[in-house]
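> Show me the folded form of this:
(2 chains)
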Number of protein chains: 2
Amino acid sequence: MSKNLTTRSEDYSKWYNELVVKADLAENSGVRGCMVIKPYGYAIWEKMQGELDRKFKETGHQNAYFPLFVPKSMFEAEEKNAEGFAKECAIVTHYRLKNDPDKPGKLMVDPNAKLEEELIVRPTSEAIIWSTYKGWVQSYRDLPLLINQWANVVRWEMRTRLFLRTAEFLWQEGHTAHATREEAVEESEKMMNVYADFAENFMAIPVVRGIKTETERFAGAEETYCIEALMQDGKALQAGTSHFLGQNFAKAFDVKFANAEGTQEYVWGTSWGVSTRLMGALVMTHSDDKGLVLPPNLAPIQVVIVPIHKTDEQLDQITAEVNVLTAQLQKLGVSVKFDNRTTQKPGFKFAEWELKGVPVRIAIGPKDLENGTFEIARRDTATKEVVSKDGIANYISDLLEQIQKDLFNTALEYRNSHITKVENFEEFKSVLNDKGGFVSAHWDGTAATEERIQELTKATIRCIPLDAVEEVGTCVFTGNPSTKRVLFAKAY
Amino acid sequence: MSKNLTTRSEDYSKWYNELVVKADLAENSGVRGCMVIKPYGYAIWEKMQGELDRKFKETGHQNAYFPLFVPKSMFEAEEKNAEGFAKECAIVTHYRLKNDPDKPGKLMVDPNAKLEEELIVRPTSEAIIWSTYKGWVQSYRDLPLLINQWANVVRWEMRTRLFLRTAEFLWQEGHTAHATREEAVEESEKMMNVYADFAENFMAIPVVRGIKTETERFAGAEETYCIEALMQDGKALQAGTSHFLGQNFAKAFDVKFANAEGTQEYVWGTSWGVSTRLMGALVMTHSDDKGLVLPPNLAPIQVVIVPIHKTDEQLDQITAEVNVLTAQLQKLGVSVKFDNRTTQKPGFKFAEWELKGVPVRIAIGPKDLENGTFEIARRDTATKEVVSKDGIANYISDLLEQIQKDLFNTALEYRNSHITKVENFEEFKSVLNDKGGFVSAHWDGTAATEERIQELTKATIRCIPLDAVEEVGTCVFTGNPSTKRVLFAKAY
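From the prediction side, this is the model:
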């Protein structure tokens, strides 16, 4: 608390790194690239999990759990998927340590305990799950399989950043199997929409729904749907993906079913996931130079109450008032913390809860006791007002709803004002560099152009928006004909 | 469904293995020693998680998440703990695969991607967590730290059995840090009691609370508290442990705090955990030759309704009645499934839900329509009765509570009748072999005697019960003096 945060305009990246640690969300661990998610950060993740899990179950999915490890031969069965993840996976080769004869008190890998086959720590679970589905699917009556897993996965990233890119991260991965292509496509789209709804209405993060280009597609998928968010620094962040897998994994793992006519067919698949990366998106959508700003839906503490007093007697009177209010608020489902620490002054407490993004702060002092009022401060707008204690609980409950909406609308306004149409490559570059955000441009549909643009500008095609309108145009780079605009951006 | 289960008297172990698979709880995976927890099994585990998590939070704990991997040098810092787990751990040595030049389409471990330091896949997280706590604790004001983690862990067991002993399993592990020995001991005991309460009042599994002998103690602990359950075959199962760690990990990881006087002291620790092993305990406490028997608290489906009809018109009428009842039951928080599949006959459905342990089955046929009744069958007692539809929802809700209690009492009776006091070694052996269960015997307190008894009988000391009374006695094996009886048993 003693040191101020780096401001966003000074150094956005540094601001983010500092904020994540200072607000007690996460920190780097003693294990390269792996993070510790601290209790305050984990409490936010739990709220995300709770809401997502509810949505998955509501749409007919069930949770299950599959092994952490994938034997190498299983891992390589779907070639494109294997190729996509081979360069960044942690590999278990031995199963025992022994005392190091040369170094008393130290251990060493026991060379006699080498695994017959190496095990890959799952970077994603298609391989292990489809190898299991083979045993679960015989007939069309066994379909669809609608399964989700909450798990940790490992991708050996060389450059890591808390939440955004870590060697180990937490996520959920849905894996479904269907009798027809249409059903699988429908499922992929449905889950993209579930994610979009979650991001917008629960996290207050506006997103663009779209499909990925072939270059950006998930390794092993026929189509990748995505939701793309825009961070405050003008960079995009992929917030969730949903893949139509075609019959790729069914073929790789020989998962067939007998249709109603008794003919054997390969199953159609999807997979979809969001991860602790969303924590990064949350921070970079709403927070400010004073710290976190949390949407009420995600705030572990929605209301903090700070007493302002000089005497113990005053504190007793305040406590009595606070107990009444707390009970009223809890009845309305609002989570409240009464910060009655005597070791810290009010100013210190204000700064701490500001840093931690508590949506509403209530202060109560001797004047308030006299007048029957509380002082209410909004974290997002930094506005204060003095409110009579009569009916204040409902007032606060409504205020939390209002804050949730306002945060979304503020983010939406920013996002909308940062989708810029450009007609040529000079404009493309200047918008990208000066303003940032999504650049809406015509593209000739080739991977070569996409790659060349990336080399020159670091911008990638974030998605082909689902609501893109057909229009006659020419590729911003090659001048070749194009029928749709796509969204480019620099991205996390 | 077509094949019957092996009966418990035929082969208890085979019965268990078959039941876990046939009831869709779990199955072996393509990865040695690792299981797939199927949706039905996972739904039961989720109910356990939900209740435990509530209890942990109620007692002031917060969830957090720590890395999956532990660098070797960190792993070996607490020597006893390292020694205890060194022989059964999965070790990551490389971080990349590459194309195998000799085998097109195959991958191999890239020898150029060897880690500088090997990473152990956590068998338990004391090391990584205490290395983190070093950064979290400076002063007595930072204590206590009351943290829990839901995670997967890996112990490279050679002989595995679904839920009971798997290379990877799911668990929660609490890790707390305190300013005083007394506080840490109190926490260890409190969490043992939380587990006991959970086992008895939520899972309907009676347990003995006790402490482990030095031989059976957790590696790195000063005291291990445990809850011990008794399975139907007379073997004991350790259902949960809570460890008082003393200052062992604080010393190994240099975790000190300044006390109120400003003096540096080492922190006192505890850790405690229960795992998916509890699923095995659940199966072996309540189930029978026809399949699972689930306590209502843990049943993903508490009530199944099977229509019995010859005509579509009858089915329509039945459905109308069922819809009314379902709404009433759901209002009371009872989970209901209406099994209106037309592809299966009632007898098949009865057998299926019996196998899956649904506590209450309701059947409704044309006669019931006429009489305004339902037929209610209890899974646990196999008793049936015909009940008028008036007030039936409350009747069922009460019945579920009754079943929960009855299951506990039945298990308690069995357990109590299987604690047998013996006064000499001949008796000890004959009780152990003929009757099984806990053998309550005097022991001279030495590890040598404990070991010798295990060699001769395969029985281990499950615990020194907390409620053991002081009495003058002589060791059942050596005849040396003893002041307390301990519980021996063969164990899972």
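> The stretch 151-300 of chain A against chain B: which residues are in contact?
A:151-152, A:154, A:156, A:168, A:170 (CB under 8 Å from any CB of the partner chain). All C-beta atoms are positioned from the backbone trio N, CA, C, and that covers glycine.
> List the contacts of the residue most central in space within chain A.
Geometric centre of chain A, nearest residue: A:L278, 1.6 Å, by CA atoms, centre = their mean. Residues near A:L278 by CB atoms under 8 Å, 6 or more residues apart in numbering or on different chains: A:48, A:199, A:203, A:239-240.
> Out of those, which is nearest to A:S440?
The nearest member of these to A:S440, counting by CB to CB, is A:A239 at 18.9 Å.
> Give me the distance between that closest one and chain B.
20 Å (CB to the nearest CB, to the nearest Å).
> is it true that that residue touches A:R277?
Yes: A:A239 lies in contact with A:R277 (CB atoms under 8 Å); the separation is 7.4 Å.
> Next, work out how far apart the closest residue to chain B within the stretch 251-400 of chain A and B:R141 are.
Residue nearest to chain B within the stretch 251-400 of chain A: A:T343 (7.1 Å; CB to the nearest CB). Going from A:T343 to B:R141 by CB to CB, to the nearest Å gives 7 Å.
> Tell me where the stretch 1-150 of chain A is predicted with low confidence.
A:1-3 (pLDDT under 70).
> need the strands for it, in chain order.
Using DSSP state E, counting those that start in this stretch, the strands found in the stretch 1-150 of chain A span residues A:26-28, A:35-37, A:62-63, A:69-71, A:91-94, A:97-99, A:107-109, A:114-121, A:145-154.
> now swap in the stretch 251-400 of chain A and tell me
Using DSSP E, counting those that start in this stretch, strands in the stretch 251-400 of chain A cover A:256-258, A:264-266, A:268-275, A:303-307, A:336-338, A:360-364, A:373-378, A:384-388.
> of A:T343 and B:R141, who's got more company?
The neighbour count for A:T343 versus B:R141, taken as other CB atoms under 10 Å in any protein chain shown, is higher for B:R141 (12 against 6).
> What residues does that one make contact with?
A:T343.
> same thing but at 10 Å, please
Remark: with contacts taken as CB atoms under 10 Å, 6 or more residues apart in numbering or on different chains, B:R141 is in contact with A:341, A:343, B:179, B:257-258, B:260.
> would you turn those residues into TSV with pLDDT and distance to B:P481?
Converted to TSV, those look like this (pLDDT from 0 to 100; distance: CB to CB, whole Å):
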residue	pLDDT	distance to B:P481
A:R341	94	54
A:T343	89	54
B:A179	98	39
B:F257	98	43
B:A258	98	46
B:A260	94	45
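> Chain B contacts on the stretch 301-450 of chain A?
Within the stretch 301-450 of chain A, the positions adjacent to chain B are A:341, A:343 by CB under 10 Å from any CB of the partner chain.
> what would the contacts of A:L278 look like in CSV with neighbour count?
Putting the contacts of A:L278 into CSV (neighbours: other CB atoms under 10 Å in any protein chain shown) gives the following:
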residue, neighbour count
A:M48, 20
A:A199, 25
A:M203, 28
A:A239, 26
A:G240, 27
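> now, which of these lie within strands?
A:239-240 (DSSP state E).
> Tally up the residues packed near A:L282, please.
The tally of other residues near A:L282 (other CB under 10 Å) stands at 28.
> Enumerate every residue touching it.
For A:L282, the contact set (CB under 10 Å, 6+ apart) comprises A:25, A:41, A:44-45, A:48, A:163, A:199, A:203-205, A:229, A:239, A:292-295, A:298, A:357.
> So which of the contacts of A:L278 is the closest to chain B?
A:M48 (13.1 Å).
> Would you confirm that A:K290 contacts A:V358?
No: shown here, A:K290 and A:V358 do not form a contact pair, counting by CB atoms under 10 Å, at 11.8 Å.
> shaky segments in the stretch 151-300 of chain A?
Those would be none, if you go by pLDDT under 70 across the stretch 151-300 of chain A.
> Helix, strand, or coil at the residue in it positioned nearest to chain B?
As assessed by CB to the nearest CB, chain B sits closest to A:W156 within the stretch 151-300 of chain A, at 4.2 Å. The assignment at A:W156 comes out as coil when based on DSSP: H, G, I helix; E, B strand; the rest coil.
> wait, isn't it in contact with A:F169?
No: using CB under 10 Å, A:W156 is not in contact with A:F169, being 11.9 Å away.
> How about the secondary structure of A:T420?
Under three-state DSSP, the three-state class of A:T420 is strand.
> gap between it and A:D467?
Where A:D467 is concerned, A:T420 sits at a distance of 17 Å (CB to CB).
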